[in-house]
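Asks: Okay, here's the prediction I keep looking at, along with the sequence it came from:
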Amino acid sequence: MFTKEAGVDSNPKIFFQWQNPVLRDSIYPFRKEKLRDFLRVYHEIDLWQKAKGNGQPDSTLQDKMNSLAQALRNEHERLESELRQAIEVKGQTDKWFAAITGTDEKSLRFKHTYYLDRQIDMLTDRHAEMQSRQTALLKRVDWYAEEDTRRNIWIERARELDEPIAKLAGELEAARNLRNLFKQQEQLPKLDAGGGVSVQDAVRWEVLSYQKELGNLDHTELIRRVLERFDQQPERFEKWLLYMVVHFSGMRYRSAHASWADPKFLLELLDREFARIEIQSMDEASVTEACQQAVHELEEEREDLTNPEKIRAIDQLIAKLSFWNPRRALLEYHVAREIGEIQALPDEDKIFVGRLEKLRKSHPTSAGEIPDWVWQEITKYTPLRLRTMDKDWENISPERWKYENRRWREILDTWEHKDITGWRMHHRETLELIVTRAVCNEIAEHIQHLRGLIPGAGLTSKPKWYLNWREKTKDLQEDDPRRAYLVQAPEEKDFVSGASILWLDWVDREPNAWQIAQPLPGFNLLPRGVRMPREKTANTTEWSYHQVSNRFIRNRRKPTLHELRQKGRSEKEIEAIREDLRINGGFVKQYLRWTHEATVVSVEEMIDGKVVLTFETGQIGLVVRRLSDLVGNPNVFVGYIPKSDQEPDNLDELIDRAKLLPD
């Protein structure tokens, strides 16, 4: 499986997982989209800055606006014609779509797009569900040997789904195409009453044209454009942003925990296992000879020691080798030597990769070499994956669960679960790209490591981290850039590069210890006007707030059916609420938690106003947030700590153009 012929790329120019097309497809589902977003956003910012000037477009843009007018008229006519035809075709095949009416064009358009959005969601779910059913059926084929005719039963059952899957795929594509026509028309700049184009719409048109250009670029060209964008104005961008845009844009959203395991610990476990097998297979004479050699080496080592504790430890081991269980003592001696050597290795992935491959080739076991399925699992958690061409590189082999493989299973479980959060410390120390997924606070933690800082883990610890730093720097002047802060309901000036934005919200599900919003000295986390403590009331539809230990909770009674009728709710709405009351009861209980974290890139002005650019999750990458949604919002906090005066050692190496774009 892991020879070149069976799934390993020997290309030495793959330094990062996104350079491997197989890994890129699985680890980065939104890769191209988010790289294009970065380029498009900064293109719009720069175009708008140039276009607005002193309130008048420059001559180049004015000429372009004049030439665009006719092109826009033609484009409007083309889209209107295509949209009319597509609506007609859709109405012929979908009676519910055909029955949609509206009081005017705007109302009809809203209903059409609303219907299509719901239908696309429904068809997407049904298509995915049917594909999953087919996959599950095909998995049953592997239950039987190649010559077993029962395999054909499941193959045929899976084949029966080909036609409905293809039909659903066709319906989904048609719905998406029609929805896309509506979207294109919405994005198209409008002509004014005189048939001209405004400055804003001219810039929009330029951005749309640029976006179409980016859509034709492959991944390598997009990376090249991104690097050129950074290199044009290196003073404008922090190095951490380049690192994150290149290495994290488009990565999948899921906790980084258990996505990496320490290769050093794996080497220790494997060395112990190979030594155990080797010593168990030795005859008595060989064991005696090996023990005598070990005693001789220890006695030589003892002569150079002055530390009493180390001398005592060697004397104890010599005694074990001479008078105790010789095989167990010999194993202890060997393991101590190997672990010491492994721990002394520098933290370089290539060294561990080399040792792992050497182990596989040079240590036969009683069952042969390290099994392929074990090697595949090791590949999943280590830099070995950089060279895999196996699309199923993350799958767990059925071989893992066989009884005869229990010893290998124990080794892998011990290794993989020793510290599922080990990626934090490793990234902090090396800055290497080791995770294959991440959630919001983990993205923010990576960024702070790049800034030379060590934040707390999870969301709950972040406000306290900023408060502690605020206390450390409180003697500095208010406008001193070295001063740290945490503010609620922030102002525009608070959104500086590298700052964290934290959001509060109430949720129905009790949050874990890494999410809960605990009281913060000097801040009011509850809605304005609420006082604590407050008597718990059970017979009102108004929220009742109280604090239990270190968390905030609110309760209220749901309206009764009689109260709902008095408020004018329809019987259909009441019936749905009745079902909710039956299942979930008549009371609501909510918890206050930190829901999200984003890292500020900068405050910029775009066509539609001022925005805060952030790097965050959702689809991981650069995100545009309206400044007006954040400023003065009591549920928004901004924390800032200046970056370290000393830049992390490995940062330049990990954004080295020769590695990012190897020839």
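Replies: Okay, I see it. As the structure is a computational prediction, the values presented were derived from the model and not from experiment. Numbering: from 1, shown residues only.

Asks: tally of neighbours for residue 170?
Replies: Residues within reach of residue 170, counting by other CB atoms under 10 Å, total 11. All C-beta atoms are positioned from the backbone trio N, CA, C, and that covers glycine.

Asks: Tell me the backbone dihedrals of it, please.
Replies: Dihedral angles of residue 170 (phi, psi; degrees, to the nearest 10) stand at phi -70, psi -40.

Asks: gap between it and residue 31?
Replies: Relative to residue 31, residue 170 is positioned 27 Å away (CB to CB, to the nearest Å).

Asks: ok, now residue 428?
Replies: Using CB to CB, we find residue 428 at a distance of 25 Å from residue 31.

Asks: out of the two, which sits in the busier spot?
Replies: Shown here are residue 428 and residue 31; by other CB under 10 Å, residue 31 has more neighbours (21 against 18).

Asks: Next, the contact list for that one, please.
Replies: Contact partners of residue 31, counting by CB atoms under 8 Å, 6 or more residues apart in numbering, are 18, 24, 219, 249-250.

Asks: Please list the members of those residues that lie in helices.
Replies: 24, 219 (DSSP state H).

Asks: Just among the contacts of residue 31, which is most surrounded?
Replies: Within the contacts of residue 31, residue 249 tops the neighbour count with 26 neighbours, counted by other CB under 10 Å.

Asks: what residue ranges in this protein score low on pLDDT?
Replies: Counting by pLDDT under 70, the chain contains low-confidence residues at 1-12, 53-66, 68, 193, 195-196, 343-353, 357, 359-369, 532-539.

Asks: Return the member of the contacts of residue 31 nearest to residue 153.
Replies: residue 24 (37.2 Å; CB to CB).

Asks: wait, isn't that closest one in contact with residue 219?
Replies: Yes. Counting by CB atoms under 8 Å, residue 24 touches residue 219, with 7.0 Å between them.

Asks: With distance to residue 519 as added columns, please give the contacts of residue 31 in a markdown table.
Replies: As requested, the contacts of residue 31 are arranged in a markdown table below (distance: CB to CB, whole Å):
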| residue | distance to residue 519 |
| --- | --- |
| 18 | 42 |
| 24 | 44 |
| 219 | 47 |
| 249 | 37 |
| 250 | 38 |
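
Asks: from the contacts of residue 31, which is closest to residue 232?
Replies: Closest to residue 232, out of all of the contacts of residue 31 and judged by CB to CB, is residue 249, at 18.5 Å.

Asks: what's the distance between the closest one and residue 168?
Replies: 31 Å.

Asks: now do residue 337
Replies: Distance, residue 337 to residue 168, by CB to CB: 61 Å.

Asks: ok now the longest strand anywhere in the chain, how far from the chain's centre?
Replies: If you go by DSSP state E, the chain has its longest strand at strand 587-606. Centroid displacement of strand 587-606 relative to its chain, using CA atoms, centre = their mean, to the nearest Å, is 17 Å.

Asks: By neighbour count, which bits of it are buried? Give me those.
Replies: 590-604, 606 (16 or more other CB atoms under 10 Å).

Asks: Adjacent strands (with direction) for the helix or strand just after that strand?
Replies: Downstream of strand 587-606, the first helix or strand assigned by DSSP states H and E is strand 609-616. In the sheet, strand 609-616 lines up against strand 587-606 (antiparallel), strand 621-626 (antiparallel) (DSSP bridges).

Asks: Minimum distance to residue 383: which of the ones you listed has it?
Replies: Judging these by CB to CB, what sits closest to residue 383 is strand 621-626, at 23.7 Å.

Asks: What residues sit buried inside that closest one?
Replies: For strand 621-626, burial by neighbour count (16+ other CB under 10 Å) applies to 621-625.

Asks: Can you tell me which of these is nearest residue 547?
Replies: Of the buried residues of strand 621-626, the one sitting nearest to residue 547 (CB to CB) turns out to be residue 625, at 30.8 Å.

Asks: distance of the closest one from residue 175?
Replies: 30 Å.

Asks: just residue 13 next, same as before
Replies: For residue 13, the distance to residue 175 (CB to CB) stands at 42 Å.

Asks: Pick out whichever of the two has more residues nearby.
Replies: Neighbour count, other CB under 10 Å: between residue 13 and residue 175, residue 175 has more, with 23 against 11.

Asks: List the contacts of that one.
Replies: Contacts of residue 175 by CB under 8 Å, 6+ apart are 90, 116, 119-120, 123.

Asks: Find the helix or strand that it is a member of.
Replies: Counting by DSSP H and E, residue 175 is part of helix 162-187.

Asks: now the next helix or strand after that helix and strand 587-606, what's the angle there?
Replies: Sequence order places helix 199-215 as the next helix or strand after helix 162-187, per DSSP H and E. Comparing the axes of helix 199-215 and strand 587-606 via axes from the mean of the first three to the mean of the last three CA atoms, to 10 degrees yields an angle of 100 degrees.

Asks: and helix 199-215, which residues are buried?
Replies: Result for helix 199-215 [16+ other CB under 10 Å]: buried residues 199, 201-208, 210-211, 214.

Asks: so residue 322 touches residue 298, yeah?
Replies: No. With contact defined as CB under 8 Å, residue 322 does not reach residue 298; the gap is 10.3 Å.

Asks: So between these two, which is more surrounded?
Replies: Neighbour totals were compared for residue 322 and residue 298, and residue 298 leads with 16 against 13 (other CB under 10 Å).

Asks: Quick check: next helix or strand after the host helix or strand of that one?
Replies: For residue 298, the host element (DSSP H and E) is helix 284-303. Proceeding N to C from helix 284-303, the next assigned helix or strand is helix 308-323, under DSSP H and E.

Asks: Is the residue lying closest to residue 657 once chain neighbours are set aside in a helix, a strand, or coil?
Replies: Leaving aside its sequence neighbours, residue 657 sits nearest to residue 227 (CB to CB, 6 or more residues apart in numbering; 6.2 Å). Here residue 227 takes the helix state, with states given by DSSP: H, G, I helix; E, B strand; the rest coil.

Asks: got the contact list for residue 48?
Replies: Residue 48 neighbours (CB under 8 Å, 6+ apart): 203, 605-607.

Asks: Doesn't it lie inside a helix?
Replies: Yes. Judged by three-state DSSP, residue 48 forms part of a helix.

Asks: measure it to residue 233 for me?
Replies: If you go by CB to CB, the gap between residue 48 and residue 233 works out to 16 Å.

Asks: Next: residue 509.
Replies: From residue 509 to residue 233 the distance is 45 Å (CB to CB).

Asks: Could you look up the SS state of residue 505?
Replies: Applying three-state DSSP: residue 505 is strand.

Asks: Tell me what it is bridged to.
Replies: residue 593.

Asks: Now do the same contact list for it.
Replies: By CB under 8 Å, 6+ apart, the neighbours of residue 505 are 592-593, 595, 635.

Asks: 7 Å instead, please
Replies: 593, 595, 635 (CB atoms under 7 Å, 6 or more residues apart in numbering).

Asks: so which of these comes closest to residue 329?
Replies: Nearest to residue 329 among the contacts of residue 505, with distances taken as CB to CB, is residue 593, at 53.9 Å.

Asks: May I ask you to confirm that that closest one is in contact with residue 515?
Replies: Yes. Here residue 593 reaches residue 515: they are 4.6 Å apart, a contact under CB atoms under 7 Å.

Asks: Would you check how far apart residue 153 and residue 159 are?
Replies: Residue 153 is 11 Å from residue 159, by CB to CB.

Asks: I appreciate the help and will end here.
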